[in-house]
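Chemist: I'll drop the sequence and a predicted model, then ask my questions.
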Amino acid sequence: MQIAFMIISILGLIFFMNKKRKFDFFTLAYISAIVYFLPGFYGYVFLPGWIQSSILKETYLVMCLVLVSIGTGAIIYDIININKKEQKKISVEGSQNILFFITIISFLGLTLMIITMGSSLLSANKQIVLSNGNRWSLLWENTILLGIVFAFITEKKKLFWLFFIMMSFHIYMGFRSTAAIAIISIMTHWLNLKGKQRLLINNIKSLVIGIVVAIFFFSYKQIYIPIKLGMWDLVVQKISSIQFYVDSIRYSEPFGIQVILNEVIRTDFKVGLSHFKSIAYQVILFANKLGGDSTSFNSLFQNAMFPKVNYGMGSNIWAEMWASGGWGLLILFIIFYVIILSIGSKLMENIDSNIKPLILISMSYWSFYIHRNSLVYEINLIKRVICIWTICIMISAIIPKISKNTFLKG
């Protein structure tokens, strides 16, 4: 089954790298699947304690289903849209000053985060940083994500570098995912603007940059603690070793994520559908403060299967679907996943620059980051971005009108 997985992976890469087509969320989703299914090429995953465990045939089958579905979805999408004319772009009235208000709110979040979290921001222990995190840190995190993507798209260079500095500090704190989503969103936008192209031929530099960035995110997890402790000799020693980069990939996040799928299938772990009711709470702001009891897939499988593990193991969307409804629900969700990729790819072509950051970030979460999340958490991540974007749009539309009315009355 490993050979079949490798053949499908390579054929898909040949298609997406050599077919003359626009870079869209299907391309991004396939690249993401290759990254998160990386253990499939090795033939094993790691149980807690770095214990190797061979990948099951059924696990390989799940990986192959996802890869084939993304590739098939891309082919169908291309056929449907082959001769369609460009439509009028969707725009939002009164959104011209949205980046200004994103910047203001970002500085507000940063200030309140520093006041409320204090010295814990500089702690080398990520658990301390996480335990002291609050709504202000979440507000700041999501505004810098929106801000840097917005500034790049609208070519606001000064603001871009301002948000870049804040994003760098967020990485220094020990968090990689926000910066990764920002870079993915920006590169998706940039490559999409180039129109139909053969990535391997026309954009080899972009691929090289992408690989370098990927290696950085794989390896930074291994050196961020020495950096925060000021142990620069150790940092230099690590980054100057080729084995460090090899191990950074071999012991990377995908090996811990796919062990969840492998063990769920191996033990025939089932959770049913009841935990999906937590999705309803995601449409309600501050649901947890109002008594909403949200149950994550992680809390279900980790407590039952890995009770001695004292750190968060993340999640696995494909394991969640398999544990919740077997092969039937898994296949239905894969179809749903591909449909959303199609909708997102179409939207990206028909929206103006004020809406595009929202779609790019939301769809980057959906296309790339979904592999290591539960459905509830995935929706929660996207909800945060939508809420902040909506608030900034409303402020951008309302304040100028209030100012104008005040001026006229005066």
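Modeler: Okay, I see it.
Chemist: ignoring the adjacent residues along the chain, who's closest to Ile90?
Modeler: Among residues not flanking Ile90 along the chain, Ile351 sits closest, at 4.9 Å (Cβ to Cβ, 6 or more residues apart in numbering). C-betas here are computed from N, CA, C, even on glycine.
Chemist: pLDDT on the one helix or strand Ile148 maps to, on average?
Modeler: Using DSSP states H and E, Ile148 sits in helix 135-153. Mean per-residue pLDDT for helix 135-153: 95.
Chemist: using CSV, write out every CA atom in that helix.
Modeler: Written as CSV, here are the backbone C-alpha positions of helix 135-153 (Å, rounded to 0.1, in the frame of the first residue of the first chain):
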residue,chain,number,x,y,z
ARG,A,135,-8.6,37.5,24.5
TRP,A,136,-6.2,40.3,23.9
SER,A,137,-3.5,38.0,22.7
LEU,A,138,-6.0,36.3,20.4
LEU,A,139,-7.1,39.7,19.1
TRP,A,140,-3.6,40.8,18.4
GLU,A,141,-2.7,37.5,16.8
ASN,A,142,-5.6,37.7,14.3
THR,A,143,-5.2,41.4,13.5
ILE,A,144,-1.5,41.0,12.6
LEU,A,145,-2.5,38.1,10.4
LEU,A,146,-5.2,40.1,8.7
GLY,A,147,-3.0,43.2,8.6
ILE,A,148,0.1,41.7,7.0
VAL,A,149,-1.9,39.9,4.3
PHE,A,150,-4.0,43.1,3.7
ALA,A,151,-0.9,45.3,3.5
PHE,A,152,0.7,43.0,1.0
ILE,A,153,-2.3,42.8,-1.3
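Chemist: buried residues in the next helix or strand after that helix, which are they?
Modeler: From helix 135-153 onward toward the C-terminus, using DSSP H and E, the following helix or strand is helix 157-172. The neighbour-count check on helix 157-172 (16 or more other Cβ atoms under 10 Å) flags 159-160, 162-164, 166-167, 170-171 as buried.
Chemist: which strands or helices does whichever strand or helix holds Pro357 pack on?
Modeler: Assigned by DSSP H and E, Pro357 belongs to helix 356-367. Helix 356-367 sits against helix 25-36, helix 135-153, helix 177-193, helix 317-349, helix 375-409, with contacts defined as 3 or more Cβ pairs under 8 Å, 6 or more residues apart in numbering; DSSP states H and E.
Chemist: so how far is the helix or strand just after the shortest one from its chain's centroid?
Modeler: Going down the chain from helix 25-36, the next helix or strand is helix 39-42, by DSSP H and E. Helix 39-42 has its C-alpha centroid displaced from the chain centroid by 21 Å (Cα atoms, centre = their mean, to the nearest Å).
Chemist: now tell me which helix or strand of this structure has the poorest mean pLDDT.
Modeler: Least confident helix or strand of the chain, by mean pLDDT, DSSP states H and E, is helix 278-281 with a mean of 76.
Chemist: got the CA coordinates for that helix in PDB?
Modeler: C-alpha atoms of helix 278-281 as PDB (Å, rounded to 0.1, in the frame of the first residue of the first chain):
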ATOM      1  CA  SER A 278     -20.200  22.000  19.700                       C
ATOM      2  CA  ILE A 279     -20.200  23.400  16.100                       C
ATOM      3  CA  ALA A 280     -23.400  25.200  16.900                       C
ATOM      4  CA  TYR A 281     -21.600  27.200  19.700                       C
END
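Chemist: same question for that helix: list its buried residues.
Modeler: Neighbour-count burial for helix 278-281, counted by 16+ other Cβ under 10 Å, picks out 278, 281.
Chemist: equivalent analysis for stretch 230-243, please.
Modeler: Neighbour-count burial for stretch 230-243 [16+ other Cβ under 10 Å]: 235, 238.
Chemist: how far does it stretch from start to finish?
Modeler: 22 Å (Cα to Cα, to the nearest Å).
Chemist: now it: average pLDDT?
Modeler: Stretch 230-243 shows a mean pLDDT of 90 in the predicted model.
Chemist: alpha carbons of stretch 14-29, as PDB, please.
Modeler: Coordinates of each C-alpha in stretch 14-29 appear next as PDB, following Å, rounded to 0.1, in the frame of the first residue of the first chain:
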ATOM      1  CA  ILE A  14       3.400  16.000 -11.600                       C
ATOM      2  CA  PHE A  15      -0.200  17.200 -12.400                       C
ATOM      3  CA  PHE A  16      -0.200  20.200 -10.200                       C
ATOM      4  CA  MET A  17       3.400  21.200 -10.900                       C
ATOM      5  CA  ASN A  18       3.300  20.800 -14.700                       C
ATOM      6  CA  LYS A  19      -0.300  21.400 -15.700                       C
ATOM      7  CA  LYS A  20      -0.900  24.900 -17.100                       C
ATOM      8  CA  ARG A  21      -3.400  26.200 -14.600                       C
ATOM      9  CA  LYS A  22      -3.900  28.900 -12.000                       C
ATOM     10  CA  PHE A  23      -2.500  28.400  -8.600                       C
ATOM     11  CA  ASP A  24      -5.600  27.900  -6.500                       C
ATOM     12  CA  PHE A  25      -6.800  26.300  -3.300                       C
ATOM     13  CA  PHE A  26      -6.700  22.800  -4.900                       C
ATOM     14  CA  THR A  27      -3.000  23.200  -5.500                       C
ATOM     15  CA  LEU A  28      -2.500  24.500  -2.000                       C
ATOM     16  CA  ALA A  29      -4.600  21.600  -0.600                       C
END
